[in-house]
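Visitor: Here's a sequence, model it:
(chains A and B)
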2 protein chains.
Amino acid sequence: MSTTATAFDPQTLEGLLTDGGKVLTAPDDLAAYGCDWTRIYDPAPLAVVLPKSTEEVQAIVRYANEQHMALVPSGGRTGLSAGAVAANGEMVVAMDRMNRILDFNANDRLVQCEAGVVTEQLQQYADEQGLYYPVDFASAGSSELGGNIATNAGGIKVIRYGMTRDWVLGLKVVTGAGEILELNNGLEKNNTGYDLRQLFIGGEGTLGFITEATMKLARQPSNLTVMVLGLNDLSNTMDVLQSFRSKLDLTAYEFFSNEAIAHVQAHAEVPRPFETECPYYALLEFEATSEGVMEEAMALFEHCVEQEWVVDGVISQSEGQAEKLWQLRERISESIAPHTPYKNDLSVRISRVPEFLNEIHSVVSKEYPDFEIIWYGHIGDGNLHLNILKPADMEKQEFFKRCETVNDLVFEIVQRYEGSVSAEHGVGMVKKKYLGFTKSAEEIAVMKGIKKVFDPNGIMNPGKLIDSD
Amino acid sequence: MSTTATAFDPQTLEGLLTDGGKVLTAPDDLAAYGCDWTRIYDPAPLAVVLPKSTEEVQAIVRYANEQHMALVPSGGRTGLSAGAVAANGEMVVAMDRMNRILDFNANDRLVQCEAGVVTEQLQQYADEQGLYYPVDFASAGSSELGGNIATNAGGIKVIRYGMTRDWVLGLKVVTGAGEILELNNGLEKNNTGYDLRQLFIGGEGTLGFITEATMKLARQPSNLTVMVLGLNDLSNTMDVLQSFRSKLDLTAYEFFSNEAIAHVQAHAEVPRPFETECPYYALLEFEATSEGVMEEAMALFEHCVEQEWVVDGVISQSEGQAEKLWQLRERISESIAPHTPYKNDLSVRISRVPEFLNEIHSVVSKEYPDFEIIWYGHIGDGNLHLNILKPADMEKQEFFKRCETVNDLVFEIVQRYEGSVSAEHGVGMVKKKYLGFTKSAEEIAVMKGIKKVFDPNGIMNPGKLIDSD
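Guide: Below is the predicted model:
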């Protein structure tokens, strides 16, 4: 749809914001609120509106329907798929001022939040209540809950705690048609028809705005203990995973290559886990709730060494050591950032990971022998992050162009393995043209039909995820 | 929609079943396949078709669209809301012959099943692989997986393992429009837009047929240990729950009244848990993985006694004892069955359970002082089963009529507590007219819009869950 920038009058819109919301039109604000962490599209919003309440969001949506104005929801702007970029004269609706924690009940372990609550704020709040919000990832300090839900954020603890989806017990939303819906009311069990909450989770703001969420909290984990293991063969990551999780409830099972560690060491003061250099590393974490659990873990480690799946390993003896070992994994992203990585976020069934990774690696390294490839990811969920680093002497535009040409080869492999072109980062604008490698034409047609039910005039985040017909 | 019974020709339909499916029209078959465990509506299907493959289901759906014929999906026929009853000349499509386990992968812990696999068959299969399918409930010996998914079945382990929804990693469906969709391909992580799988889960067969499902399995629990506790005050169930789950991962937290135990004792050879008679009982279960866990559990028990929340208690010392204690809870339903119970399956937020139950109890016992009321349920999930027993000298029709008149009073309380009129049994025909007590008119309108996207001609299970406009 086309926006009607000429007809827009900030004062009319501001007049609708009776709870103290405001409208920004200064060029710096447009640039800041019009983008996310992708840098492929230039921000060019019409204006930015910062509502203070669900009712204000409803007024904005009704106004936008009248004016045929496109709206882009904006949270912490940490997205990696340009799902919250306003590059075409849209109105940005930023949730930054709706950042209150509204209610908490210890018996229910439920916390009711406005959409602009920052992930880390929720984690800390949970901690103060003696509880735990288990969804965690690199951008937790900036990302906002509404965005996490709209993109069904994953992260480093999915193997035990699932995705954001698993922690949303209630949503308040404003649909693209301007209706306020209260979805699921914080109930654990509610079998009364289609669970519309599930469509807003991962819906990337194309159906409406999430304005409030009722989130479940968990028991705090106790004595989290980390092992880092060195492996010579990628396929052994699966043997190790199966051994450990047959006996222990793992809270993480991550993977990274020796090249990834080298970048972390070059970038930060993080020591190697042990002397032995291995092509691959697995990091696993569990709650060492008793001596018995530690003994079990050590026995499993020894079994893996005996089977020659594991070459060397280290186990944390304190919280501080556990955190240090985690840095080997958590600081990869920032360590490779100066090399302008081209990121792909792929998934397949867990058992297919080694074969899948090898096949993609050989295609990419054959086509682009001059590019460095860094692999890491949430291997316990079948989720791999493929990062292609820009050679220092290559122009950025030229580099991205060449990476895009390799995408078809990569996604053809994803399709053959029945995998996903976006495991956790979402589709947005960046992956939209590749959606057909994961979803059939019939499924995409149904998605378009559902979009029309919630957003008949197509004002909600147009051009993201799917195109209108 | 009206069916066109006169135009129906079994031979034409049979001719479409190229994989060995068959059509039944004998009166006994119509009676057997046309109903579920509710006995409110008389079965009156046009015919019964038993397909053998997804392609046959697709052929049936296409034929039904051409003929304007209503279809009713049928699984194990154990439903309690008449979601699978064919009372209006519909064609029953029964999944009984699609009962194969198709594939299993130990690394993925995934098992691919046809929709007609019986729950217990899946549980046993998982056990043979050294794994665990954790969704369990009284009808597991007859209920089929497709029906479990279509009604998002819950049961006795939800507090730890969630609902059926949490174990479905992939679905193959045939939509009401006759399209085959493969949803999510067994992936743990797949953020590529609206998760249509979630709509078929709990969709009660109104959007299309589930023909295959890829289910996740869990690690087998070890040394499951049961405690039964006696309480004088209902509100203490919440104190006990909070104490225990702050330290232990409970696998169950159930509740029943002294009246419920009395029925179990009258019906079966199940001993009382302990001498002391209490108005309420809580049954909790956990994995006693070490001596430390048992010590923790005993310390928690002592704390609850000191606080005077718990009057008496017993803990299982063996698997056999644990099973015996479970019978106190699991045999309630069969024990009260001879009294023709009128069942309601309600939920609210956990913290509101005591107040909610007391309010409903006082209304029901005031309005119907001659009716016996039996309470039990999955109190750790906020889910209560309210059973009103028929007085021996009252006619069944008269009894149901009087119970229905109390429904409005009960559901008004549910609405005020922002609860659900169907926690786990679904809506079907029985709860359809009460849907508005849990969902707003706007939400129901959206549901109708979604139904039209999948099932434009309204052939899928019409008259269940929602009415067409």
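
Visitor: the longest helix in chain A is where?
Guide: helix A:396-416 (DSSP state H).

Visitor: How about the helix or strand just after that one, which residues are buried there?
Guide: Using DSSP states H and E, the helix or strand that directly follows helix A:396-416 along the chain is helix A:441-454. Residues of helix A:441-454 classed as buried: A:443-444, A:446-447, A:449-451, A:453-454 (neighbour count, 16 or more other Cβ atoms under 10 Å in any protein chain shown). In short, each C-beta sits where N, CA and C put it, glycine included.

Visitor: follow-up on the earlier one: and the longest helix of chain A, average pLDDT?
Guide: Averaging pLDDT along helix A:396-416 yields 92.

Visitor: which residues of the stretch 51-200 of chain A fall in strands?
Guide: A:71-74, A:91-94, A:101-105, A:110-114, A:131-132, A:168-175, A:180-183 (DSSP state E, counting those that start in this stretch).

Visitor: Over in the stretch 251-400 of chain A, which residue gets nearest chain B? Let me know.
Guide: A:Ser351 (3.8 Å; Cβ to the nearest Cβ).

Visitor: Need the nearest residue in space to that residue, chain neighbours excluded.
Guide: Using Cβ to Cβ, 6 or more residues apart in numbering or on different chains and skipping residues adjacent in sequence, the residue nearest A:Ser351 is B:Asn107, 3.8 Å away.

Visitor: circling back to that earlier point, of the strands of the stretch 51-200 of chain A, flag the one that's most buried.
Guide: A comparison of the strands of the stretch 51-200 of chain A by mean neighbour count, using mean count of other Cβ atoms under 10 Å in any protein chain shown, puts strand A:71-74 on top with a mean of 28.

Visitor: Packing partners of it?
Guide: With contacts taken as 3 or more Cβ pairs under 8 Å, 6 or more residues apart in numbering or on different chains; DSSP states H and E, strand A:71-74 sits against helix A:54-67, strand A:91-94, helix A:145-150, strand A:208-216.

Visitor: Residue ranges in chain A under the pLDDT threshold?
Guide: A:1-7 (pLDDT under 70).

Visitor: residue nearest the centroid of it?
Guide: Nearest to the mean C-alpha position of chain A, by Cα atoms, centre = their mean, lies A:Ala153 at 3.6 Å.

Visitor: and it, what does it touch?
Guide: A:119, A:135, A:137, A:143, A:147, A:163-164, A:424 (Cβ atoms under 8 Å, 6 or more residues apart in numbering or on different chains).

Visitor: The residue of the stretch 251-400 of chain A closest to chain B reaches B:Asp103, doesn't it?
Guide: No: the criterion here is Cβ atoms under 8 Å, and A:Ser351 misses it with B:Asp103 at 11.4 Å.

Visitor: so the closest residue to A:Pro10 other than its chain neighbours bridges to which residues?
Guide: Among residues not flanking A:Pro10 along the chain, A:Val23 sits closest, at 4.7 Å (Cβ to Cβ, 6+ apart). Listed beta-bridge partners, A:Val23: A:Val49 (assigned using DSSP bridges).

Visitor: what does A:Ile388 give?
Guide: With DSSP bridges as the rule, A:Ile388 is bridged to A:Tyr342, A:Ile373.

Visitor: Quickly note the distance from A:Val430 to chain B.
Guide: 12 Å (Cβ to the nearest Cβ, to the nearest Å).

Visitor: Revised request: answer the last question for A:Ile450.
Guide: Here A:Ile450 is placed at a distance of 6 Å from chain B (Cβ to the nearest Cβ).

Visitor: Ok, A:Glu424 next?
Guide: A:Glu424 is 5 Å from chain B, by Cβ to the nearest Cβ.

Visitor: Looks like that residue contacts A:Asn383 (just checking).
Guide: Yes: with contact defined as Cβ under 8 Å, A:Glu424 reaches A:Asn383; the gap is 6.4 Å.

Visitor: quick one: common contacting residues for the two?
Guide: Contacts common to A:Glu424 and A:Asn383, judged by Cβ under 8 Å, 6+ apart, are A:154, A:345, A:347, B:189.

Visitor: Let me know the outermost residue of chain A.
Guide: Distance-from-mean max, chain A, by Cα atoms, centre = their mean: A:Glu306 at 37.1 Å.

Visitor: Which residues are in contact with that one?
Guide: A:Glu306 touches nothing, counting by Cβ under 8 Å, 6+ apart.

Visitor: Repeat that for A:Pro134.
Guide: Contacts of A:Pro134 by Cβ under 8 Å, 6+ apart are A:157, A:160-161, A:167, A:218.

Visitor: burial of the residue lying closest to it once chain neighbours are set aside, as a residue count?
Guide: Once flanking residues are discounted, A:Pro134 sits nearest to A:Tyr161: 3.8 Å by Cβ to Cβ, 6+ apart. Using other Cβ atoms under 10 Å in any protein chain shown as the criterion, A:Tyr161 is surrounded by 21 other residues.

Visitor: I'd say A:Tyr161 and A:Leu217 touch.
Guide: No: taking contacts as Cβ under 8 Å, A:Tyr161 lies outside contact range of A:Leu217: 11.0 Å.

Visitor: Scan the contacts of A:Pro134 and report the most crowded one.
Guide: A:Trp167 (23 neighbours).

Visitor: May I ask you to confirm that it is in contact with A:Val135?
Guide: Yes: using Cβ under 8 Å, A:Trp167 is in contact with A:Val135, at 6.2 Å.

Visitor: so A:Gly176 makes contact with A:Val453?
Guide: No: the pair A:Gly176 and A:Val453 does not pass the contact test of Cβ under 8 Å, sitting 9.3 Å apart.

Visitor: Next to chain B, which bits of the stretch 301-450 of chain A? Give me the list.
Guide: By Cβ under 8 Å from any Cβ of the partner chain, the part of the stretch 301-450 of chain A that sits against chain B consists of A:347-351, A:378, A:381-383, A:418-427, A:431, A:435, A:438-440, A:442-443, A:446-447, A:449-450.

Visitor: try it again with 7 Å
Guide: A:347, A:349-351, A:381-383, A:418-427, A:435, A:438-440, A:442-443, A:446-447, A:449-450 (Cβ under 7 Å from any Cβ of the partner chain).

Visitor: now the nearest residue to A:Val61 once chain neighbours are set aside: how far from chain B?
Guide: When the adjacent residues along the chain are set aside, A:Val61 lies closest to A:Gly178, with 4.5 Å between them (Cβ to Cβ, 6+ apart). As for A:Gly178, its distance to chain B is 10 Å (criterion: Cβ to the nearest Cβ).

Visitor: A:Gly178: how many residues sit nearby?
Guide: Quick note: A:Gly178 (other Cβ under 10 Å) scores 20 neighbours.

Visitor: Just the buried residues from the residues of the stretch 301-450 of chain A next to chain B, in ChimeraX please.
Guide: Of those, the buried ones go into a single ChimeraX selection, burial set by 16+ other Cβ under 10 Å:
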select /A:347,349,350,351,381,382,383,418,419,420,421,422,423,424,425,426,427,435,438,439,443,446,447,449,450
